[in-house]
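> Predicted structure and sequence below. I'll ask about it afterward.
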Amino acid sequence: MSEALPRRGATVLARPRVYGWAAAGLVLVAFPFYLDRFWLQAGLFAMAAAIGALGLNLLTGATGQLSMGHAFFLAVGAYGYCAFAGDGTDGLTGLGLPGWLAAVLAVVLAGAAGGAFSPIAGRLRGAYLGIATLALIFIGQHVLFNAHDLTGGFNGRAVPPLDLFGLTFDDSELLVAQVPFGSAEKLWYLGLVLLLASVLFARGVLRGRPGRAMNAIRDHRIAAGVMGVPVARYRAAVFVLSSMYAGLAGVLLALVFQRTVPEYFGMLLSLEYLAMIVIGGLGSVAGAVVGAVFVSLLPQLLNRYSDALPLVSAPGTGGIAPGEASRYLYGAAVVAVVLFLPGGLVRLTAGPRGRTARPSHSSGEES
């Protein structure tokens, strides 16, 4: 009898959470019918950022491997999709594959690139791994700017629209309940499905045996090896998985942008992804999503409402540009989180006790 009461109480407490998630899901599904293109594109950027942040959080937050080259794998996914789906009529390399197959192959290609680097990732740690992954950014930028036949060079290349189940995710209008659906509206639902699948898979990994092994490697690397955890193998495998998440995010970003530009996939993008997982909460699936939404939406909102904000103005008009202002706020948020909220913004939902509790993992590795 005494055991049944806690279970019944837990069930009652879980119902409001279930209802809340259901209501949030209905709101997200209804957004394309009421929001304009700006807000839909901003939401799609946040979805793509969340998918990429989930992969980096598995690598850095859960396993303790510092990566500065996440933008490289986003570029592999974005340009891989363009190369696989392009038909070559623009003078650039293209295999003319169906869009869905090109997207799958682009994610696999990003994972293969991560697999090629995984022997290094399995043996290095800390700052040494961060420096090694930083080299990927320089290599990637050199290739993107100079392999003109593949990437289009400085001007980039157009992104072929995705075809899935007879539906083309382009700007051709499709009437749904008398509401015209363009590319942003169509991609919105694709982004929701991809984000949901990415969240569920990441939660499954972290809550299962692989997640426990990853946390053991992060917190007590030597002890994990003594207990029989293949440390190098797990580190390499997580690096591949993180690369595939980044590749998927790159594909979605390319579809939203409709044009890939090499300059976007630079060091600044990798730093933004690190800011996402630190601000949201290291090692937390919800934290990765929250941090990605914060970091990706902030510059767009500042740009949208720059006229109404003090000290913020359009570039070249004398004030602080929205991009610069957003980076100042990123830095302030990172410092504030590290000093006052070590578990990230996601810990704000845990109540007073959860906010004051120390994080369940250490931020660094044993040497």
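Okay, I see it.
> Three-state assignment for I120, please.
Judged by DSSP: H, G, I helix; E, B strand; the rest coil, the three-state class of I120 is helix.
> so who does it touch?
129, 132 (Cβ atoms under 8 Å, 6 or more residues apart in numbering). All C-beta atoms are positioned from the backbone trio N, CA, C, and that covers glycine.
> and with 7 Å instead?
A132 (Cβ atoms under 7 Å, 6 or more residues apart in numbering).
> how much space between it and L58?
I120 is 18 Å from L58, where distance means Cβ to Cβ, to the nearest Å.
> low-confidence ranges in the stretch 151-300 of the chain?
Under the criterion pLDDT under 70, the flagged ranges of the stretch 151-300 of the chain are 175, 177.
> Helices along that one, start to end?
For the stretch 151-300 of the chain, the helices defined by DSSP state H, counting those that start in this stretch cover 183-207, 209-219, 221-226, 231-257, 267-280, 285-304.
> Also the stretch 1-150 of the chain?
So, for the stretch 1-150 of the chain - with DSSP H, counting those that start in this stretch - the helices run 4-30, 37-56, 70-85, 99-121, 126-146, 148-151.
> Identify each buried residue in the fifth one, please.
In this case it means helix 126-146. Buried residues in helix 126-146, defined by neighbour count with 16 or more other Cβ atoms under 10 Å: 129-130, 132-134, 136-137, 140-141, 143-144.
> Dump those residues into JSON lines; add pLDDT as well.
As requested, those are exported to JSON lines (pLDDT from 0 to 100):
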{"residue": "L129", "pLDDT": "87"}
{"residue": "G130", "pLDDT": "88"}
{"residue": "A132", "pLDDT": "89"}
{"residue": "T133", "pLDDT": "91"}
{"residue": "L134", "pLDDT": "91"}
{"residue": "L136", "pLDDT": "93"}
{"residue": "I137", "pLDDT": "94"}
{"residue": "G140", "pLDDT": "94"}
{"residue": "Q141", "pLDDT": "94"}
{"residue": "V143", "pLDDT": "94"}
{"residue": "L144", "pLDDT": "94"}
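> Now distance to L194 too, for those, in JSON lines please.
Formatted as JSON lines, these follow (distance: Cβ to Cβ, whole Å):
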{"residue": "L129", "distance to L194": "28"}
{"residue": "G130", "distance to L194": "28"}
{"residue": "A132", "distance to L194": "29"}
{"residue": "T133", "distance to L194": "24"}
{"residue": "L134", "distance to L194": "28"}
{"residue": "L136", "distance to L194": "24"}
{"residue": "I137", "distance to L194": "25"}
{"residue": "G140", "distance to L194": "23"}
{"residue": "Q141", "distance to L194": "27"}
{"residue": "V143", "distance to L194": "26"}
{"residue": "L144", "distance to L194": "24"}
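> for these, which one is nearest M227?
Comparing those against M227 with Cβ to Cβ places L129 closest, at 22.5 Å.
> Could you find the closest non-adjacent residue to the residue nearest the centre of the chain?
Central residue of the chain (Cα atoms, centre = their mean): G52, 2.0 Å from the mean position. Leaving out its chain neighbours, the residue that sits closest to G52 by Cβ to Cβ, 6 or more residues apart in numbering is A249, at 3.4 Å.
> could I get the helices of the stretch 1-150 of the chain as JSON lines with distance to F201?
Shown next, in JSON lines, are the helices of the stretch 1-150 of the chain (distance: least, Cβ to Cβ, whole Å):
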{"stretch": "helix 4-30", "distance to F201": "18"}
{"stretch": "helix 37-56", "distance to F201": "9"}
{"stretch": "helix 70-85", "distance to F201": "16"}
{"stretch": "helix 99-121", "distance to F201": "12"}
{"stretch": "helix 126-146", "distance to F201": "23"}
{"stretch": "helix 148-151", "distance to F201": "30"}
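> For G166, which of these is the nearest?
When those are ranked by proximity to G166 (Cβ to Cβ), helix 99-121 comes first, at 11.1 Å.
> Run the chain-centre distance for the closest one.
16 Å (Cα atoms, centre = their mean, to the nearest Å).
> Give the buried residues for it.
99, 102-107, 109-115, 117-118, 120-121.
> ditto for stretch 271-286
Within stretch 271-286, the residues that qualify as buried are 272-286, counting by 16+ other Cβ under 10 Å.
> for stretch 233-248, same thing?
When burial is assessed from 16+ other Cβ under 10 Å, stretch 233-248 yields the following buried residues: 234-248.
> Report the separation between Y81 and L248.
10 Å.
> what does A42 give?
For A42, the distance to L248 - Cβ to Cβ - is 19 Å.
> Tell me where the model's unsure across the stretch 1-150 of the chain.
In the stretch 1-150 of the chain, residues with pLDDT under 70: 1-15.
> if we go to 90?
Scanning the stretch 1-150 of the chain for pLDDT under 90 picks out 1-37, 61-66, 87-94, 118-132.
> how about the spatially closest residue to V240 that is not a sequence neighbour, what does it touch?
Of all residues not flanking V240 in the chain, G114 sits nearest, at 4.4 Å (Cβ to Cβ, 6+ apart). G114 makes contact with 73, 239-240, 242-243, according to Cβ under 7 Å, 6+ apart.
> Take those residues and write them to JSON lines, including distance to A22.
Formatted as JSON lines, the contacts of G114 follow (distance: Cβ to Cβ, whole Å):
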{"residue": "F73", "distance to A22": "34"}
{"residue": "F239", "distance to A22": "36"}
{"residue": "V240", "distance to A22": "35"}
{"residue": "S242", "distance to A22": "31"}
{"residue": "S243", "distance to A22": "33"}
